[in-house]
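**Q** would you be able to build a 3D model of this:
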Amino acid sequence: MALAAALALLVAAPAGAATQVQATLTAGTVEVGAGVTLLVTVTDPSGGTGDPQFTLPPGLSLLGSEQGQSFSWVNGRSTSRIEYRFAIGTDQAGRYGVGPIRVRVGKLVYECPVLPLVVTAATARPQPAARGAVGASFVVEVKPQRPYVGQLVQLTMRLVQTQALNQAGGNGTPSTTGFWSEPYGDPIEYRATAGGRPAWVTERRARIYPLAPGRAVIGSASLLVMPASPSGPDAFLGGSTPQPTEVRSESVAVQVQPLPPGAPAAFVDAVGAYAWSWGLDRGHTTQDQALTLHLDVRGVGNLPLLKPPSLDLPDFEVYAGTVDDSLAPRGEASPGRRRFQWTLVPKRTGTLALHAPPLAWFDPGPGTYHSTSLPELEVDVLASGPGRDESEDAGTLPGAIARDPAHPGGQRARAWVLALGGVLLGLSVRAWRRGARPDPRAKEEAGRLALLETIQRARGNDFWTAADVAATWAEDRGRPVLRLREDIAAARYGGRPAPEDDVRRRIVERLCEVEPREGSRVPMRGVAVVLALLALGTWFVGTGSRGPDVLATRALAADELARKHDADGAASAWAELWREDPGDAPLAARLAWAAL
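**A** Below you'll find the model as predicted:
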């Protein structure tokens, strides 16, 4: 069947818009009952993305849908992609149009044109050889045969040969319309017995997940095989040339059961035998340092389809994090793990509690729903700076000055001592501001984290491209990657397959070995504290006795203006006090701070 594809951008969108929307049918011509998949891809969405909207004509039916998201990093540029998959059943022969497909991205609506689809009546197929007639049989099996919606189903293809055969062609992969499918695992070969004769078995497996209740069909798959060419004296006896013969599997009907009613409110389509845990990367932090919260899901089930639960943590700013998968080998129905991670920034100091989100899932073994309540987590949050008051904020009077009230009208201070203190305070404030600049290693660390996230998510060709970029990045920073680059190049250009998971593990090890390159960084905030202490010392030496209560009250009122972010009003009040009776060291410090 010919592949049908169509691409369309928003008609009213400005030229050069970064967001792209593509709609594709996996086939342009199918037989009745075969089914087809509509793929809608949104690349680099700029804003919230709504579900694609389209209608199907009579004769076609929507069997199920699924949504996935991916992220890639190529040549220093990040790309995000959202993919929607719609399984469409074909009930009657005819010519149809699917669409138009409209997708809202932010405030704009993108429209893809109608996609043509031709559904033909079932045709008579060439009669395949009787099972075992050519020394081979092709079998497709699924376990279980009556799964629930979303349950992991293991699909197994098995080619059994009782004589030496060569593969001559054919489509050896059955159609799985109505299922969300993972890639097939590597072939497994072993010896067995078939009909009392020794046989050689080649087996491949995949994990698939039904999307909707009802009857679903795993399509028939076929291979063309022919006996191996004769050798020895028989090759010269003038025998006939071997001809290809089709070996076809039977289609497999799967009766998908709906999930039973009565699902808990926290249920989010998690189907499997699961265990949940969560934790923080540390038990204490400062208010300006981020924490990492992780939630682990372990077990056997639809792990790739799980979405992160919503968090309600009023004491923290919550930022979307990464998803780290450690799944079972491809095709195997064995336990795996999916980890959701969030970045948290505390809003206040103290001992803060984190309450777990409600979690619920459906276990297809006993056929029941389960819920769990994870234990509460606690973290101690300290003030973010040395000697800093909790209430201290950018733009307010520094604590070192506020703790020494002004007392104009007292004994005259020595001018040169106060001038020196003012200079030291100005240098202290400047050093403190310089110390607030970003760590020069932050950009380096951000690049490494982005590469790690891309390597964990990418699959297939996207993975090998990302692996090449990551290897170059690690090599530039002194890590030995020669053998690793050879394996990547062989997989990308040499046609020699390499175990993707092994290369991913080695790449992650190299990236984790890279230490952020040190930048020249003087502890300016420490210098600022020292200068502030020196300034306070000079003022202590140069200050005299306190003045009248009236002037002191006015000075306190001016300090209150500074705490309320009215720096201009405070500066005006301090200047008036200075004109009436200059010489007070704390008042001079306030004037110096206001000038800076």
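**Q** isn't Val268 right up against Lys307?
**A** Yes - Val268 is within contact range of Lys307, at 6.2 Å (criterion: Cβ atoms under 8 Å). To be clear about C-beta, it is placed using only N, CA and C from the backbone, and glycine gets the same treatment.
**Q** the two: which has the busier surroundings?
**A** Val268 (17 against 13; other Cβ atoms under 10 Å).
**Q** quick one: contacts for the more buried one?
**A** Leu306, Lys307, Pro309, Ala360 (Cβ atoms under 8 Å, 6 or more residues apart in numbering).
**Q** break down the stretch 101-250 of the chain into its strands, ranges please.
**A** Here the stretch 101-250 of the chain has its strands, by DSSP state E, counting those that start in this stretch, at 101-105, 108-112, 115-120, 136-143, 153-161, 165-169, 179-181, 188-194, 197-210, 214-218, 222-227, 245-248.
**Q** and these, which one is worst for confidence?
**A** Among the strands of the stretch 101-250 of the chain, strand 165-169 carries the lowest mean pLDDT, a mean of 60.
**Q** can you pull up the bridge partners for Ala216?
**A** Note on Ala216: beta-bridge partners by DSSP bridges are Val254.
**Q** relative to Ala535, how far out is it?
**A** Distance, Ala216 to Ala535, using Cβ to Cβ, to the nearest Å: 78 Å.
**Q** again, but for Trp180
**A** Separation of Trp180 from Ala535 (Cβ to Cβ) stands at 67 Å.
**Q** compare those two (neighbour count), which wins?
**A** Higher neighbour count among Trp180 and Ala535: Ala535, with 26 against 21, using other Cβ under 10 Å.
**Q** that one contacts Leu424, doesn't it?
**A** Yes - counting by Cβ under 8 Å, Leu424 is a contact partner of Ala535 at 3.8 Å.
**Q** for Thr202, give me its contacts.
**A** Arg158, Leu159, Gln161, Pro187, Ile188, Glu189.
**Q** can I get those in CSV with distance to Arg282?
**A** Formatted as CSV, the contacts of Thr202 follow (distance: Cβ to Cβ, whole Å):
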residue, distance to Arg282
Arg158, 50
Leu159, 53
Gln161, 58
Pro187, 45
Ile188, 44
Glu189, 48
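**Q** which among these gets closest to Glu500?
**A** Pro187 (15.4 Å; Cβ to Cβ).
**Q** neighbours of that closest one, how many?
**A** Counted with other Cβ under 10 Å, Pro187 comes out at 11.
**Q** all strands of the stretch 351-500 of the chain, in order?
**A** 359-363, 368-372, 377-382.
**Q** one step back: among the contacts of Thr202, which pair sits farthest apart?
**A** The span of the contacts of Thr202, defined through Cβ to Cβ, is set by Gln161 and Ile188 at 14.2 Å.
**Q** those two: who's more crowded?
**A** Taking other Cβ under 10 Å, Gln161 and Ile188 do not tie; Gln161 has more neighbours (18 against 13).
**Q** and that one, how far from Gln67?
**A** For Gln161, the distance to Gln67 (Cβ to Cβ) stands at 41 Å.
**Q** could you export the strands of the stretch 351-500 of the chain as a markdown table, including distance to Leu556 and mean neighbour count?
**A** Formatted as a markdown table, the strands of the stretch 351-500 of the chain follow (distance: least, Cβ to Cβ, whole Å; neighbours: other Cβ atoms under 10 Å):
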| stretch | distance to Leu556 | mean neighbour count |
| --- | --- | --- |
| strand 359-363 | 54 | 21 |
| strand 368-372 | 56 | 14 |
| strand 377-382 | 30 | 16 |
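**Q** where does pLDDT dip in the stretch 351-500 of the chain?
**A** 384-400, 407, 409-418, 435-443, 494-498 (pLDDT under 70).
**Q** how about 50 then?
**A** Low-confidence segments of the stretch 351-500 of the chain, defined by pLDDT under 50: 386-395, 412.
**Q** which stretches in it count as helices?
**A** Applying DSSP state H, counting those that start in this stretch to the stretch 351-500 of the chain gives helices spanning 399-402, 415-435, 442-457, 460-476, 482-493, 500-513.
**Q** contacting residues around Thr372?
**A** By Cβ under 8 Å, 6+ apart, the neighbours of Thr372 are Trp276, Leu359, Ala360.
**Q** contacting residues for the second one?
**A** Contact criterion Cβ under 8 Å, 6+ apart gives Ala266, Trp276, Pro309, Ser371, Thr372, Ser373, Leu374 as the residues in contact with Leu359.
**Q** quick one: contacts for Leu117?
**A** Ala4, Leu25, Gly28, Thr29, Val30, Val36, Leu60, Arg95, Tyr96, Gly97, Val98.
**Q** okay, who's weakest in the residues you listed by pLDDT?
**A** Ala4 (38).
**Q** next, the contact list for Gln161, please.
**A** Applying Cβ under 8 Å, 6+ apart, the residues near Gln161 are Gly135, Ala136, Ala199, Trp200, Val201, Thr202.
**Q** look up phi and psi at the closest residue in space to the first one that isn't next to it in sequence.
**A** Meaning Gly135. Nearest non-adjacent residue to Gly135, counting by Cβ to Cβ, 6 or more residues apart in numbering: Gln163, 3.3 Å away. Torsion angles at Gln163 (phi, psi; degrees, to the nearest 10) stand at phi -150, psi 160.
**Q** so Gln163 sits right up against Thr245, yeah?
**A** No - assessed by Cβ under 8 Å, Gln163 is found out of contact with Thr245, at 11.8 Å.
**Q** neighbour count for those two, which is higher?
**A** Taking neighbours as other Cβ under 10 Å, Gln163 and Thr245 compare with Thr245 leading, 19 against 14.
**Q** and the gap between that one and Ser137?
**A** To Ser137, Thr245 is 12 Å away according to Cβ to Cβ.
**Q** again with Gly321
**A** For Gly321 relative to Ser137 (Cβ to Cβ), the value is 49 Å.
**Q** neighbour count for the two, which is higher?
**A** A count of neighbours by other Cβ under 10 Å puts Ser137 above the other of Gly321 and Ser137, at 21 against 18.
**Q** any idea what that one is bridged to?
**A** Judged by DSSP bridges, the bridge partners of Ser137 are Val160.
**Q** cool, and Leu165?
**A** With DSSP bridges as the criterion, Leu165 is bridged to Pro227.
**Q** how close does it sit to Phe316?
**A** Distance of Leu165 to Phe316, given as Cβ to Cβ: 63 Å.
**Q** thank you, goodbye.
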